[in-house]
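Enquirer: Sequence below, structure please.
(one chain, ligands or ions: 2)
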Amino acid sequence: MTETTGYSGSGLVLVKNPHLDLMEEDVLYHLDLGTKTHNLPEMFGDIKFVCVGGSPKRMRAFAQFMRRELGLAGPGEDGPDTCGGSDRYAMYRAGPVLCISHGMGIPSISIMLHELIKLLHHAKCRDVTIIRIGTSGGLGIEAGSVVITDTAVDSSFQPRFEQVVLGDVVVRSTELDKGLAEELLACSRDLPDFPTLIGHTMCTYDFYEGQGRLDGALCSFSSEKKLEYLRRAYDAGVRNIEMESTAFAALCGLCGLKAAVVCVALLDRLQGDQIRESHEVLWEYQQRPQRLIAAFIRNRLRLP
Ligand code: R2B
Ligand code: URA
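Expert: Residues are numbered from 1 along each chain as shown. Ligands and ions are numbered 1, 2, ... in the order given. So this is what the prediction gives:
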């Protein structure tokens with residue numbers, strides 16, 4: 001069974017679940033928020049941008065950075081974690097920007113996205129753009145390059161996400177918003193100190209064997225086989241590898257959210273497997289997608 005992408009002419013976030021209307025209360029358990037305990041329209045109704053990323057620390061730093069970029073706070077000033085009572089995910093606000101961590105891998109981001117999308121729906125948010133900012137392994141590109149995903153593909157290089165529902169495999173499209181990807185690429189021209197490109201992103205279920213690494217606790221293939229696989233990925237248009245993009249693209253697409261994935265490459269996987277750069281270099285790399293998104297949001301808000 002294949003499902004297609006959703007579109008809402010009203011700009012509202014679509015939830016495709018008839019059971020939700022029959023529920024008296026919706027508890028967003030992993031976010032420690034709920035429709036009876038919180039006034040979600042008042043707390044979140046003006047959100048226009050949602051930025052998600054793996055690590056809580058990075059998303060906190062990104063929210064601080066965004067507050068400064070939007071002229072909302074001085075250096076070092078911090079806002080509260082909106083899911084303070086939950087230690088699963090962290091959520092911070094910077095004006096119309098909501099920043100949330102999603103952990104590592106598809107199961108973790110899926111849980112967060114179900115609850116986030118319901119949150120945006122309950123809050124009656126309109127015209128929301130959602131962007132995943134993250135890290136990845138590059139393919140045939142310089143370490144530190146930023147890849148804007150045009151299509152998220154699975155480990156067979158297909159633009160699909162397979163979700164098992166009641167024991168059946170449901171296939172979902174992983175198309176992302178092409179216009180948004182181009183808009184982000186245009187913003188990158190103002191950030192000439194690192195390369196930015198558009199390409200396919202391969203999403204895997206594992207960091208080691210699943211990404212063809214030779215350095216996991218298990219490895220059953222040769223270095224030649226690894227390189228042959230990664231070169232086939234490159235020839236199919238893949239420029240980076242990470243662990244969330246297909247689920248992110250599928251869920252956001254079905255719920256009518258304009259979505260983008262922007263990840264920095266921490267290394268070139270055709271050159272090696274281990275991430276050896278210093279903490280300082282890696283921290284600076286991780287700021288690159290953040291700087292690009294800040295430029296994009298400032299442009300959208302017509303800030304000088
Ligand atoms: C990128 O980095 C993480 C693994 O190190 C994973 O969450 C991803 O997609
Ligand atoms: N994240 C991944 O999923 N893979 C890498 O190689 C680096 C970061």
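Enquirer: Looking at the protein, what residue ends up closest to ligand 2?
Expert: Of all residues in the chain, Gly137 sits closest to ligand 2, with a separation of 2.4 Å (Cβ to the nearest ligand atom). All C-beta atoms are positioned from the backbone trio N, CA, C, and that covers glycine.
Enquirer: which secondary structure elements does the helix or strand containing that residue contact?
Expert: Gly137 is part of strand 129-138, with elements assigned from DSSP states H and E. Secondary structure elements in contact with strand 129-138, counted by 3 or more Cβ pairs under 8 Å, 6 or more residues apart in numbering; DSSP states H and E, are strand 49-53, strand 238-242, helix 245-254, strand 258-268, helix 279-300.
Enquirer: ok, and what's touching the longest one?
Expert: Pointing back at helix 279-300 there. Under the criterion Cβ atoms under 8 Å, 6 or more residues apart in numbering, residues 48-49, 51, 58, 61-62, 65-66, 69-70, 97, 129, 131, 133-135, 143-144, 146, 183-184, 187-188, 190-191, 194, 196, 262-264, 266, 275, 277 lie in contact with helix 279-300.
Enquirer: between that helix and strand 129-138, how big is the angle?
Expert: For helix 279-300 and strand 129-138, the angle between their directions (axes from the mean of the first three to the mean of the last three Cα atoms, to 10 degrees) works out to 150 degrees.
Enquirer: show me where the stretch 1-150 of the chain has helices.
Expert: Per DSSP state H, counting those that start in this stretch, the stretch 1-150 of the chain has helices spanning 40-44, 56-69, 106-122. These are given in chain order.
Enquirer: low pLDDT regions in the stretch 101-250 of the chain?
Expert: Low-confidence segments of the stretch 101-250 of the chain, defined by pLDDT under 70, are absent.
Enquirer: Would you mind listing what in it touches ligand 2?
Expert: Within the stretch 101-250 of the chain, the positions near ligand 2 by Cβ under 6 Å from any ligand atom are Thr135, Ser136, Gly137, Phe207, Gln211, Ile241, Glu242, Met243.
Enquirer: same thing but 5 Å
Expert: For the stretch 101-250 of the chain, the residues found near ligand 2 under the criterion Cβ under 5 Å from any ligand atom are Thr135, Ser136, Gly137, Glu242, Met243.
Enquirer: out of those, which one sits closest to Gly253?
Expert: Glu242 (17.5 Å; Cβ to Cβ).
Enquirer: Surely the closest one touches Gly138?
Expert: No - taking Cβ atoms under 8 Å as the definition, Glu242 is not a contact partner of Gly138, at 10.4 Å.
Enquirer: number of nearby residues for Asn17?
Expert: Burial measure for Asn17: 12 neighbouring residues, criterion other Cβ atoms under 10 Å.
Enquirer: What separation do you get for it and Ala294?
Expert: Distance check for Asn17 against Ala294: by Cβ to Cβ, to the nearest Å, it reads 34 Å.
Enquirer: Kindly reformat the helices and strands packed on strand 129-138 as CSV containing distance to Phe161 and mean neighbour count.
Expert: As requested, those are arranged in CSV below (distance: least, Cβ to Cβ, whole Å; neighbours: other Cβ atoms under 10 Å):
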stretch, distance to Phe161, mean neighbour count
strand 49-53, 16, 25
strand 238-242, 14, 26
helix 245-254, 4, 27
strand 258-268, 13, 24
helix 279-300, 22, 18
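Enquirer: Let me have those in a markdown table, extended by distance to Asp32.
Expert: Formatted as a markdown table, the entries for these read as follows, by distance: least, Cβ to Cβ, whole Å:
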| stretch | distance to Asp32 |
| --- | --- |
| strand 49-53 | 17 |
| strand 238-242 | 27 |
| helix 245-254 | 21 |
| strand 258-268 | 24 |
| helix 279-300 | 25 |
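Enquirer: Columns distance to ligand 1 on top of these, output as CSV?
Expert: Rendered in CSV, the data for the helices and strands packed on strand 129-138 read as follows (distance: least, Cβ to the nearest ligand atom, whole Å):
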stretch, distance to ligand 1
strand 49-53, 9
strand 238-242, 3
helix 245-254, 8
strand 258-268, 7
helix 279-300, 10
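Enquirer: Determine which of the ones you listed approaches Gln163 most closely.
Expert: Ranking the helices and strands packed on strand 129-138 by distance to Gln163, with Cβ to Cβ as the measure, places helix 245-254 first at 7.5 Å.
Enquirer: got the contact list for the closest one?
Expert: Outside helix 245-254, the residues within contact range by Cβ under 8 Å, 6+ apart are 3-6, 14, 16, 52, 106, 109-110, 113-114, 117, 130, 132, 149, 151-154, 160-161, 163, 172-176, 201, 203, 258-259, 261, 263.
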